[in-house]
Structure formats: structure tokens, C-alpha cells
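Student: mind folding the following:
(3 chains)
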Amino acid sequence: MLKQKFAALSLVLVASLLFAACGGGTPAYGGAPAYECTDALGCVEIGPDDPIHIAYALVVSGPNETLGIDSRNGIEIAIADTGGEILGHAVQFDGEDTGCSAEGGQAAGTRLAADPTIVAVIGTSCSSEARVAVPLFADAGFVVVSPSNTAPDLTEPGNANSYPGYMRTAHNDEVQGAVAAEFAYNVLGVRSAATIHDGSLYAEKLQEVFAESFAALGGTVTTQEAVDPNQTDMSSVLTSIAAGSPELIYFPIFMPAGGFLIRQARTTPGLEATELMGADGLFSPDVMEGGGAEIEGFMVSSPLVQGAEYDAFVASYEETFGTTPISIFHAHAYDAYMLIKAAIEAAAIVQNDGTIFIPRQALRDAMYATSNFSGLTGNLSCTPTGDCADPYIAVYEYHAGEYPPEVIWQP
Amino acid sequence: MSTKDFDWKLVLRSGLLGGAIAILLSLIGIVTGFNETYIIYKVITFGELLVLGPILAFSFAALRRTSSSDSGVRFTTGALAGLTSGLVLLAFVGIGQVINLRAVFVNASPDLYAMLSYNQSLPIGMLLRLLVSGLVGLIVAGFTLLPTRLKQALGQGLIYVILIGLMGRLIGTVMTNWGFVSLLFEWMFASSGMSFLGAIVLFLLVGGLAYWRAGRPKVKPRLEPKKQQTVRWATLAGVGLVLIFLPNILGLWFSEILDNVGLFILMGLGLNIVVGFAGLLDLGYVAFYAIGAYTIGVLTSPELGFFNLTFWQAFPFALIVALIAGVLLGLPILKMRGDYLAIVTLGFGEIIRLLALSDWLKPWLGGTQGIQRIERPVIGLGNFTIELISQQQLYYLILAGIILVAFIAFRLRDSRLGRTWMALREDEDVAVAMGINHVATKLTAFAMGALFSGIGGTIFAAKIGSIYPSSFQFLVSINILSLIIVGGIGSIPGVFVGALALMGLPELLREFAEYRYLFYGAALVAMMLYKPEGLWPEARLKLELHEDEIPPPGDPVPSTEGS
Amino acid sequence: MFRTARQRITFSDIMVWVIGLSIAVVVVWGTISTLQSGKYSAESWFDLVIKGLALGGVYALIAMGYTLVYGILRMINFAHSEVFMSGPFTAVFLAQALNESGFLNRQPLLSILAIAVVSMLVSMTIAILVERVAYRPLRNAPRLVPLITAIGASFFLQYTFRGFYGSGFEAYPTIETLNGSWVFGGVQLFKTQAVVIISAFLMMFLLYAIVMWSKLGKAMRAVSEDKEAAALMGIDVDKIIVFTFALGGAAAGAGGVLYILQFPVVHFYMGFIPGLKAFTAAVLGGIGNVPGAFLGSMVLGLLESVGPNLFLDGLGIPTASQLKDAIAFIILVFILIFRPSGILGERLTKSKA
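Tutor: The predicted structure follows:
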């Protein structure tokens, strides 16, 4: 039975081959293009009616999917806001699920790298994926912009994990962790702090940077604890922290664990009055709901994403997807797309018949040359190593029933 | 047309169910999600198919249960079932206009209503929807009236068009490697789905072929034994050749899938010894996979800098550590049975992952940040050496591993030890009474299983180059267990089939992006319902199962399964 | 088991005891040094115990579904974590609507009841549907086959609900009556935890009563002893199995309400961890045994909340609470070494293993 099916299938193949040979005609390459590509990495040729292919490599299924789906939603809105076109060509937007794991990153990376029509990739979601997938993208000559990778090594010059063509609109942990520590020590005036991470690369690195900077400033780090991202009962970790009676708990993690920490910290003996602080991972409307009444006074560090433009973005997000933003890196993803669009417009060579050539190296150069690009997450300028985020980070304070939270400190 | 042949209740029930399932699929979001994924370009989208599919399936189910062969009755049944489903959809859109369903169901978007009413104004669109639903029922009724041979031909043609239309992008990635065949691809496929002409040609070809084949006599001429032998060797040689050139034929992306399938075959073969042969339910099999991978990581990674061994120097250590872990796990659970064993093994798997993740062991195991820059295996002698990096190169390492492990597994199965395992599986008490040393038997089973999984882990570490605790979730154990059961428990070829089906499937289902696990789950259920003994069951087990089936005592009647 | 037949103490027995003993030594040593260090106050310990018991109450109600189904079909219903998720994830919309209309805080008791009814009904329906589609056709298949359909159904349900309500989080509104705490002589008892523990006790007693004393419960136990004999006695086995799933589903839905009182954020993936824990608890107590499931759940809840600080802190292990599941599982191994069929489990005979 199986054999017969195979036989049938191969027959189909052979027969359709004949068809192709007889009536297929000659595809493409008819009129030789006038432009000769001299780019070191080659060019992507886009015919007059062909779309420009931009792909995503984000986590869109499994327990971490809100992160990637939210970013993808941000990109879709960016595409819609710009009329779905770049230089008069439609944008073809599709991509792969990366699963927020190294092996998922490898599978998705291999798949996308095999597609020569892709101009740029927006991704990855998690730093573990990036370490495996970015080399593949770099080899394929893509421009890669991550909306949510924060691990410092990815853009550290000379590090084996940093690759040409890789950029990010998310904040390097080194920047944000240090800012948070500075704020805690100098502005809040706390002298002892405890940290919690959730086993994600983002949180672990951020709290480590925070702890180092805080200690360097002269503060005491009482304990460095950890929770599981799916953990709901935080009593043991909070009790353990309470034993050291710190003045501040820094937990740069995500929802829902972050929400549970906010709620349960207030009901843990000894922590009733301790200051709580998170990072941009807890800067979203969800936190309001997750934290309930205990949200009052909870602080986060985050880039400035307020203003009329952001409000309009949130409105069209709700309109399109039926919910408020479900995670936090949607604005970074929106900006990532806008950066890529601007760079393509700058680097592309347009022919008279509408054909465009996108030289890959020139596109990278155009990306790196980005400076003072006004985006949702501030004024973006790319460093030669690929950090494009606005280094301007503010600290916000949540108040019950009030979103977005109040800006309480700006550098 | 006599009214007594006509079953109102059946029509109503099928129609309602069909409509309800179409609404369910709409609310899940796959209907709008795939509204731009064409099966045939500019003719039908996958989203539309997901609406019409349930209607089609349930009118078909109604017609199958209609005994009357009178064409009037059949056409009425089909059309009315279809119309009922259409009415359900109509009611749904109507409700959606009045109540804001989107406050609860995020996918009850204006897009969905527009799509259900064919982007027309509401009254016209819904009339159209109703008509199409009825028409689907009518067509199904007409279809059931055709002679069997034609039915098979049409059905097969349709299924092939849908499947190949869906897999267009995937087929494209392979065919672009094949030079001139890519021209064929450009002709058969549009930017999404198949081109109209391509679909028709495919349909006619597959349908015609099926029609022609159904007309031929079923009996195949038997070859004489000597020729059979030659044919067998030729097939084997052919398969061998294909296996050797497979990565080059299929390209990098499919080699990645092949590697993953291969890794799971390796582990499946190991778990098959524990669960299939010895009957010990192990839900923490990922532990040994992790131990294999982490041993390689710790011993080779220059980042940690403890030992800086090469892959092959570290390899034997990884196996020894996995083996010891297998015995250590085996000891406390010698006396446990069934699900107690399952939960302890599950716990063992979690303990290993948590230890790898913990800040406590971070200086040695890397904690959250994992271990990076793991040495890749180098093969060759003297000046002629290759570092196996790409998936296409690692494929051969995995292939070699599988051949070795499968050989061992086959030999073990037929050995004295293998028979002891099976005796233990069938009845532990009797086996012990017969003088079988159950301690040694169980421990060897665990040790062998751990060893094979450890091999898988080492290759995994080498393939990715960096390992994180998150790669060793409970879900991996579940996947391996699933694949050996889907393949047919205790069956060695079953492991291969199961791994192809379960590890290959999610990769192929990547087309469905975030919905792939939805389809994966449905496929898992469907596969087990369709073939409870597995895709390639062990001969003995199959026999036993069918022995059971001969006198069906209190058998829950499967014929009531309509869906 | 067959200890009488083999009185000889073998090398493996010694090894097992060594493993068990070393676990015991480490645990006792850790406990003593933690207590001696005096790092935690009595107030903290009390707080941890109460929170552990409240958590155990949730596990207990979910564990009922596993244990009842196991008792009858001898299979692990892996889709049960999704049965648990479906209830509270659906009822959240009712709660939000009640909150917007102001009814929630006007009539908190009635509102919680309404939420509980919706949650239980949804979970029950899902449980019955899963049985009908994924298990019933396979009643005569090999034992591990329904395990796979259960896993398939679990995936399917997760992503179905994710499709329905989106992949973001939904939060339950705060019920003001349950805010706050009572203080008795220095120790603080939060109202939420008190309500959860008391309700869990009541509901478990109710379930026990149904299983032990109602007619359907008796039929259930008869079917669990011997399906064929029960059928001969005129019991409709299929109906009893459906009833079992319905009861387990309703218990999970009720457990969902107790869950959201403590952890008021729901999402499509929320069922996985509590499901796994409840399954562990059911096994720990002796699977197939109702009081066992309750006891196992309470022990597990306590281990999780008290364990890391009590056992590991004294040993100087950093981030002890990261290892709380590891501790729970190690204690599980320890208990099962000495009681291989759970705390209250009956000695398994061949036919039940």
C-alpha cells in the first residue's frame, strides 16, 4: 500500500516534470537587469511585482509565547501603519517559531537561513536562541534585529557570540541593571537589597549586573534568590528574603510570576514595607491586573514609551488583536521594523522598471548608521556593535488604577 | 421519496455538530489565521476549508448512516444537513452582531464575520454562506452515490491536492535544491498554495492513477524465492544509498529535521528497552539525555575550563556517567510498580533539570546561562580531519549511532536477557517465581536505556554547541514515550516510524506557526484512535491484542463513534 | 508484597537503605542546623505552614480527578491539568463582568458561588468530552495507549483555550471581603488562606461522602474492584465511568476557584504545573485512594512551602527555594522507598499494578 503510494507520487512528479518542460516557458532572467551587484554579501533582487520578504524568528508557541506573539503583533501593526509597503513593494511577512530554546533557535534559524529571498529577520525572542540562530543568519547575510534579546555578550565586541549584522532595539542588561542600581542607591537611598530571578537569561543577567553595581556603590546585597517562571506560591522565597530584612527587592522578571511576587510580598511577615522594583519585563498593563491593590508603589525601570504615538499604537493594537498588549516588547518590535524599513529605503537600488536590488552589506551599513531615529521607545541610534536602544531609561512608579505608571525619575 | 427513510434527527444532529465545530474552529482563530493561506491560489484558502470541512465531514457522516440508496432521500439528507450547519453559522454571525463576543473570545473579530459572509454585505453574504453549505451537502450526497472506484479516485485526488497545497512552502525549500525541478515548482505553485492549473493537473493525475489502479486485479504475482532474495538485497542497497545521500538531496533544512528525528530514534530505542521490553514505565527519561549532554559540556567547554577534553575523549565518560545514573535510579525503584515507578522517574528527571538550573551548582554546570562552546566531534586521521559542525555532517554521526544502537537492540531482544525482560513485563511475580533475578534484570534494562539516551545527549550537545537546562524539560520525556507508543510499543521498527511521525510532524507543521501544537495534539489522538496498537506493532503484541478482540465482552460499541 | 517468600537481604536492599538513610540524614541535619541558626521566627514558620496547607488544598481537589479515574480505569489522565485550567480560565470573564457591575463586592458570597458553579460546569464538561472522544474508544487497548491520547488531548485543549481567550493573562478582580487578616497573639492568619483551607476540607469531606456513602459512589467502587462483575450486577459501567470523570472534573473546577482566590491570574498554560503536582500528590498518598490523595496533597503543599527553608537553608545552599520541587521529589522517593505504594496506599496486587 505504502509502496504503491510512493510509486504514484513519483509518477506524478515525473509527469508534471514533462508538463513543465513542454509548457512551462522560460521564467525570469528575460531582460537582463541593468544593475550589476558588487556587494560583498550579494544582493536580493526583487522583481517589479515581487514582495519584499521580512521574516520573524520569535517564540510563538509554548509557555513563553506571549513574549513572541506580542512582538509579532507589534511588527504587524508597524507594517499596517506603513501601508504594508516598502518602496512600493508589498511586504511579505512570515517566519518561524523558535520556542525560546537553543534547539528551537537552531531549527528556525536553519529554516530561515535557507530562504534567499529574506532580506531581514526580526528576532530572536530569547538570548539562548540568539546564540545559536544568529550565526546562521549572519552567514546567510541577513540583517537581524532583535526586539527582546538583552544578554550583553551578543553585542560585546570580540565576544564569540557577537556577529555582524546583528542589532537589537532591546536594552543591553549592562545598561539597565546599572541604572536600576544607581537609582536604588542614590535616589531611593536604600542600602540593602535582595534580588530574584526566574531562570531566564534576561532576569539572571540583569539581577547579576544590579547586584554588582549595587555592591560597587557601597550597598549590601542580602540574598540572590530565584523562582520558577510558572511558580505561583512565592512564600518560601519571600520568607527567606525577609530573614535578611532588605530595604528593597529587585526582581527583573516577567508576568505572571512578577504579579504573584508583588501580591505575596505584602502578605509576608517582615516585608510589609519593603520597596519592590522590577525592570521593563514588568512594564505592561497586565502587571496592573496581576498585582491587584498591592501594585501601589511598585517601581520599574524602562525606556520612555509614553506619548501620543504610543497611545495610538495601543489603540490600533486593541483594534486589531482584541486585547491590550499581552507582553512588553511590542514597541521594540515596532521600532525594529521601522529601522529595517528606513535602512532598506536608504540602501536599495531602484531600477526604472520597478525592480529593486538590496545589497546586503550596504543594508547592514545603513542599519549601523542609524542615528537619532525617532521611535516608540525613544531616539534610537545604533552603535557599531549593534545596540540600537535609546540609552535613556526612566523609573516609573505604579499606582492602583492608573496606567501608564508615573515617571518618578529621569536621568 | 418515502418519508420514513428520512431520518430527521440524524440530519439535525449532524448539521448542528458540523456547524458547532466550524464555529469552534473559528473561535480558536485558525479560520481567520489561515484566511490568506491558499490551498489553491485565488480559489480556496485553508481558512475557508476549515469552515467547510466540518460541514462536509458531518453531512458525510449523516449520509453514511443513511441506509436508503434512494437518490432523492440522499440528496435531501445531504443538503439539509449542510443547510443546518449553515444556519448555525448564520445564527453565530447574527449573535455576533448583537453581542460583543470579542470581550471573551478574542478571535470573534470583524474579520471573522466578514470572512464568514464572503466579504459581502451581511444579508447577501450570509445567504451565500447558507447556499454554499447546502451545496456542500448536496455535493457530498452526489459523491456517495458514485461507484466505489470513482469515489476512491476522487477522494484521493482531493486529499492530495489539499495536502500538497498546504505544504507548498515546505516542498519549495526542498525542490529549490534540485536545479531544473525548481522550474516545475514555480509552475505548480503560486506565491501561496498551488496554482490553479497545477492543482487540476495534480488532481487528474492522482485521481486517474487511483482509478486505474482500482481496476486492476488485487493479487500480485509472487516472485520465486531466489528472485525474492535478490529483490530484498536490491531494496536494502537502494535504501542504504538513499540514506547516504539523503542530506545532500534534501538540503540543510531537512537535514536539521532528520537529525532531530535521528536523535529521538536513538533515545526511543533506549526507552523501548525500558518500557517496551521490560515494561517499566519511565517518565523521566530526559534525565539521562541531560546527563549525557552535560557531561560532554562540562568536560569539553573551554568556557568552564575544567578539563578541556575533545569530544571523543569526553564521550566514554559521558556514557559511564549515564550508565551509573541509570543504575542509581534503578535501585530505589526496584520494588515499585506501575505508576509509582512513573512518578519517581518523573521526579528524577525534574531533579536533574533543577540541579542543572540551580544557582547552587552554577560554577560547575552553568546554571541559567548554560554551557557554551561545546567541542564538536572531529573525525579522521592525521592531516585529514573534519570537524562535524553542520547538520548535514552530523547526520552521519547520528546515522552511525542509530545503526549501532539498533543492532544492539535487535540482538538484545532476541537474547536470553531480552526474554527475561519480557517475562518480567508480562508477569513479574511469575517471572520471579521461575527464578529470574529481578534486580539484575531491571537494573540492566535501566542501564541500557540510560546508555542509549546518554549517547543521544552527547550528540545533542555537539549539534547545538550550547546547552541550557530549558532543553531538558519533562516534555522531552513525554515526546519519547509518545513516539514509542505511537510506533507500536516494544517494536524496534516502530521506534523509527514513531519518531518520523512524531518528531517529523511538528517540524512539518511549522506551516501552522503557533497552531502547530493544536494540530499535533489532534493528530496524536487521531493516530491512537485509528491504530491503537501503533503504526508498526510488534508481531507478538498485535497477536495478543487481536486474540482479545475475538470474544468482545462488554465491548463499548465503537460504531457509535460518529466524529 | 512477597517479602515472606524472599526473606534474604540482598545487596540491592542494602543499597536502597543506604540511599534512604542518606536522604534522612541530610534532611534531619539540615533541619537541625536551620532551627539552630534561628534565622526564621516562629511567626514565619506559621505563615509558611498555613500557606503550604492552602496550596495543598488546591492540589487535593485536583488530585481527586487523578485518583478517581485511576481507581476505575487504571490510567493516568494527563489531560486533567487542562480540565483544571478550563474552569477558572472561563469563569474569569464572569468575575470581571460581576466586578464591573459592582455586584462582586456587594454580594461577595453569591458571586463566588456563581464563579464556582461556572468553573465547575466548564471543567466537568471538558472532562466528560475528553472521556468520550479520547478514552472510551480505547477502553480495551493496551494500558499505555490512553496515556498518549491523554497527552494529545492535553495539547489540543491547551491551544483551544489559548485560541478562545488569547495567550495573554486574565486577572480576577479583588474580592474585598477576603482582604486582610486576623491576628492571634503575634501570628497573622490571612482570611484568604483560612477560607481556602476550610473550603478544601469541606469539599474533600463531601467528595469522600459521595464516594463512600452515595449509591453512585458505591457503584463507582464496585466498578473499580471488578468491571465485569459490576456489569453482571446490573451496574451500567459506562455511565459510572462518565460520572467519575464528571466528579473529578467538578472537583478540579472547585479547586480552580480555591486556586484563583490565592493566585488570581489565569492563562492557558496555568494547568500544567498544578496538574503535575496534584498527580504527584495523588501518587504520594496512594493512588486510587481518596483520603490518601488529600493527605498526599497536604504533605506536598507543606514540603513545597516549608521544605526549602527548613531543609536546605541550614546546609548553606544558596537560592534554596529554586530547588523546592527537587526537595519534594526527593522526599517522595524517600517515602516510596519505605512505602512503595504511597502513604495510605493498599498493597498492590498483581491485577492492580
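
Student: break down the stretch 351-500 of chain B into its helices, ranges please.
Tutor: Using DSSP state H, counting those that start in this stretch, the helices of the stretch 351-500 of chain B run over residues B:362-365, B:391-414, B:416-426, B:428-433, B:438-464, B:474-487, B:492-499.

Student: ok, which of those helices comes nearest chain A?
Tutor: helix B:438-464 (4.9 Å; CB to the nearest CB). Just so you know, the C-beta spots here come from the backbone N, C-alpha and C atoms, and that holds for glycine as well.

Student: report the angle between the closest one and helix B:416-426.
Tutor: If you take axes from the mean of the first three to the mean of the last three CA atoms, to 10 degrees, helix B:438-464 sits at 100 degrees to helix B:416-426.

Student: what's the average pLDDT for helix B:438-464?
Tutor: Taken as a whole, helix B:438-464 has an average pLDDT of 91.

Student: what packs against that helix?
Tutor: Applying 3 or more CB pairs under 8 Å, 6 or more residues apart in numbering or on different chains; DSSP states H and E, one finds that helix B:438-464 makes contact with helix A:102-113, helix B:225-271, helix B:286-300, helix B:311-330, helix B:391-414, helix B:416-426, helix B:428-433.

Student: now the residue of the stretch 301-411 of chain A found nearest chain C, nearest residue through space, not along the chain?
Tutor: The minimum distance from the stretch 301-411 of chain A to chain C, using CB to the nearest CB, falls at A:Ile326 (3.3 Å). The shortest distance from A:Ile326 to any non-neighbouring residue, by CB to CB, 6 or more residues apart in numbering or on different chains, is to C:Gly168 (3.3 Å).

Student: count of neighbours near that neighbour?
Tutor: 23 (other CB atoms under 10 Å in any protein chain shown).

Student: A:His330 is in contact with that one, correct?
Tutor: No: contact criterion CB atoms under 8 Å: C:Gly168 and A:His330 do not qualify, at 11.5 Å.

Student: how is chain A divided into domains?
Tutor: A:43-170+A:329-380, A:174-303+A:394-409 (automatic domain parsing).

Student: to chain C, which of those lies closest?
Tutor: Using CB to the nearest CB, these put domain A:174-303+A:394-409 closest to chain C, at 3.2 Å.

Student: which elements pack onto the helix ranked longest in chain C?
Tutor: Determined from DSSP state H, the single longest helix within chain C is helix C:42-73. Secondary-structure packing of helix C:42-73 (3+ CB pairs under 8 Å, 6+ apart): helix A:235-242, helix C:80-101, strand C:187-190, helix C:191-213, helix C:215-225, helix C:237-262, helix C:272-285, helix C:290-307.

Student: thinking again about what came up before, any idea which of the helices and strands packed on helix B:438-464 is most buried?
Tutor: Neighbour counts (mean count of other CB atoms under 10 Å in any protein chain shown) averaged over each of the helices and strands packed on helix B:438-464 peak at helix B:286-300, with a mean of 28.

Student: that helix near chain C at all?
Tutor: No: judged by CB under 8 Å from any CB of the partner chain, helix B:286-300 stays clear of chain C, getting no closer than 11.4 Å.

Student: hmm, that helix touching chain A?
Tutor: No: with CB under 8 Å from any CB as the measure, helix B:286-300 is seen stopping short of chain A, the closest distance being 10.7 Å.

Student: quote the end-to-end distance of stretch A:229-246.
Tutor: Start and end residues of stretch A:229-246 are separated by 23 Å (CA to CA, to the nearest Å).

Student: so that stretch, near chain C or not?
Tutor: Yes: applying CB under 8 Å from any CB, one finds stretch A:229-246 touching chain C at A:Asn230, A:Gln231, A:Thr232, A:Asp233, A:Ser235, A:Ser236, A:Val237, A:Thr239, A:Ser240, A:Ala242, A:Ala243.

Student: noted, bye for now.
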